[in-house]
Structure formats: structure tokens, C-alpha cells
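Undergrad: sequence plus the predicted model coming up.
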Amino acid sequence: MGFQLAACAEMLWQDKPIAWRAARLHEMGFGVGLWNWPAWDLDALEKTGATFTIMNGYLEGRLADAEGAEMLLKSARETAQVGKRLGVQRLNLHGTGLGDQGLPIQQLAHVAPGMWLRARDTLHRICDMAEGEGVTFTLENLNLREHPGCPFNSTADVLSLVAAVDRPQLRINLDLYHTQIGEGDVIRHAEACLPWIGEVQVADNPGRCEPGTGEMNWPMIARALDDMGYAGPVGMEAYARNDPEDALAAFRAAFTL
């Protein structure tokens, strides 16, 4: 059946209203990814009929300290209501809140051992809430070059946490753009993460534009994902080098087997 393809609406057609972007992606057969929901007209997004594959799952909070965990649970519960309203399939988390340009609000030089236990316990609490609400969260890997000081950022760290929790309400949002910058070896990282992947996100490196604009061999990566048995969503979280529709066509071609 192939992959379910989606694209981040906030990175394309940035001169158009968000509902127009979601509707156009839907017309073209793509799911729709969103970042921060408070910026948008939810009524207008509902009316597009789009399939919303992923959305930022919180507005504030942190995984690894008591105050941050309470903030995260409260924010994630509020966002879950929005997610249910739009039918969002996955609500995305990071190791800590992100501010302007994706920079962590609280940067850490290192993660102390006790913080791993706190993060695991916080994610269990997220899963308890998600089970009651009937929603699914993902934890996304990031790269430290663009997100310095973000705890639990690497693909290996995210895998360790999600595997330790090991509950269906928490999956991995495997962002291969970030894996490539931070660690490389994207196919073997995908194989390791496979039992817990909820979504794969893609953008080429350098530049964070559509497949085919950088160094990554996307047709080979697509075949490898298929060979290992991954048949879930693949989201283009990328800017268009030039025309967004050309970028989406290149993305579709790269992931059509």
C-alpha cells in the first residue's frame, strides 16, 4: 500500500492562510502536519476535511523536573482536546519546551542520571493521560547543532526513553533530518527504532528542503524502510527550495516505491 505521505503546512506557502495550505495538501493527497495550534483558526482547519497526521502536543513544560512535569501534563492535556477536535493522529513532544527558532527555553550542558528516571516517569504519566483521552503522543529526536542544550535530543536517547516506557500511547517521531546531522547512519537508526516508530519525518541536509536538494539518498532510504517492514506515515517537515508543489512532487517521487 505504500507510505502515508504528509507535509508540514507551516513550512509551505507561507504567504497563504493556514486553512488554504491544509486544504491544498488535502487536495493533493497529503496528510497535514502542524506546529503550534494557538496561532491558527481551528474552525477553518476543521472545515478543510484534511487528515492531520501530527501536531505539537504541548505548549510548555519539561520532562525531567517536578515543576516542568506538572506544566507539561497540564499543557498536553489541553492540547489533547484540540487534537481530538481536529482528529490529529499523533501529538508531538520534545525533551523540553522550545522557544524562538527552536531553541530550548532551558538549556542543559548535560543530563544527570536522575533526570532519566524523572523523564521516564513523566512519560508514563503522559501515557496514563493519553490512554484516558484516547490519543497518542510521540517523542521527537533533535540535533544539538540547531537545538543546543536540548535534553534527550539524540535518536539514541529518544529510543532509550520510549523503549523504557514501552506503551502504545507513546511512539517515536523519527526525524531523519535531525538523525543525519546529529548521528548519521540513518538506516540503522531506523531499524533500531522500528518497533516504536509512530511517524518518520524527512528533510534533506543541508538546507532543510525537500528530498533531492541535499546529500541524502532518499530513494535508498525509502526502500530500506519498506524492506524492514515500515508502512506508516512519512511526513515532509521541510521548506521548498523553490515552488512548494514541485517540492511535494519530489517528495512523493522519492517515497513512491
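TA: All right, it came through fine.

Undergrad: the strands in the stretch 1-150 of the chain, which residues?
TA: Using DSSP state E, counting those that start in this stretch, the strands of the stretch 1-150 of the chain run over 4-8, 31-33, 52-56, 90-93, 137-140.

Undergrad: the ones you listed: which one's closest to Pro17?
TA: Proximity to Pro17 (C-beta to C-beta) singles out strand 31-33 among the strands of the stretch 1-150 of the chain, at 13.4 Å. C-beta coordinates here come from the backbone N, C-alpha and C atoms, glycine included.

Undergrad: pull out the buried positions in that closest one.
TA: Across strand 31-33, burial judged by 16 or more other C-beta atoms under 10 Å covers Gly31, Val32, Gly33.

Undergrad: one step back: for the strands of the stretch 1-150 of the chain, could you give me TSV that also reports distance to Leu42 and mean pLDDT?
TA: Written out in TSV, the entries for these read as follows (distance: least, C-beta to C-beta, whole Å; pLDDT from 0 to 100):
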stretch	distance to Leu42	mean pLDDT
strand 4-8	17	98
strand 31-33	13	98
strand 52-56	11	98
strand 90-93	15	98
strand 137-140	20	98
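
Undergrad: residues in contact with Lys16?
TA: Contact partners of Lys16, counting by C-beta atoms under 8 Å, 6 or more residues apart in numbering, are Arg24.

Undergrad: before we move on, back to that, distance to Trp116 added to the strands of the stretch 1-150 of the chain, as JSON lines?
TA: Formatted as JSON lines, the strands of the stretch 1-150 of the chain follow (distance: least, C-beta to C-beta, whole Å):
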{"stretch": "strand 4-8", "distance to Trp116": "30"}
{"stretch": "strand 31-33", "distance to Trp116": "29"}
{"stretch": "strand 52-56", "distance to Trp116": "24"}
{"stretch": "strand 90-93", "distance to Trp116": "16"}
{"stretch": "strand 137-140", "distance to Trp116": "13"}
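
Undergrad: how about those, which one is nearest Ala224?
TA: In this view, the strands of the stretch 1-150 of the chain are compared for proximity to Ala224 by C-beta to C-beta, and strand 4-8 is the closest at 16.9 Å.

Undergrad: in its sheet, what does that closest one sit against?
TA: Counting by DSSP bridges, the strands paired with strand 4-8 are strand 31-33 (parallel), strand 233-236 (parallel).

Undergrad: which stretches of the stretch 51-200 of the chain have low pLDDT?
TA: Of all residues in the stretch 51-200 of the chain, none has pLDDT under 70.

Undergrad: do a quick rundown of the helices in it.
TA: With DSSP state H, counting those that start in this stretch as the definition, the stretch 51-200 of the chain shows helices at residue ranges 66-86, 113-133, 155-165, 176-182, 186-193.

Undergrad: contacting residues around the residue most central in space within the chain?
TA: Centroid-nearest residue in the chain, with C-alpha atoms, centre = their mean: Asn173, separated by 4.7 Å. By C-beta under 8 Å, 6+ apart, Asn173 lies in contact with Ile54, Arg90, Asn92, Thr138, Leu139, Glu140, Asn141, Gly198, Glu199, Gln201.

Undergrad: was I right about Thr138 contacting Glu199?
TA: Yes. A contact is recorded between Thr138 and Glu199 when judged using C-beta atoms under 8 Å, the distance being 6.2 Å.

Undergrad: shared neighbours, those two?
TA: By C-beta under 8 Å, 6+ apart, Thr138 and Glu199 have these common neighbours: Ile54, Arg90, Arg171, Asn173.
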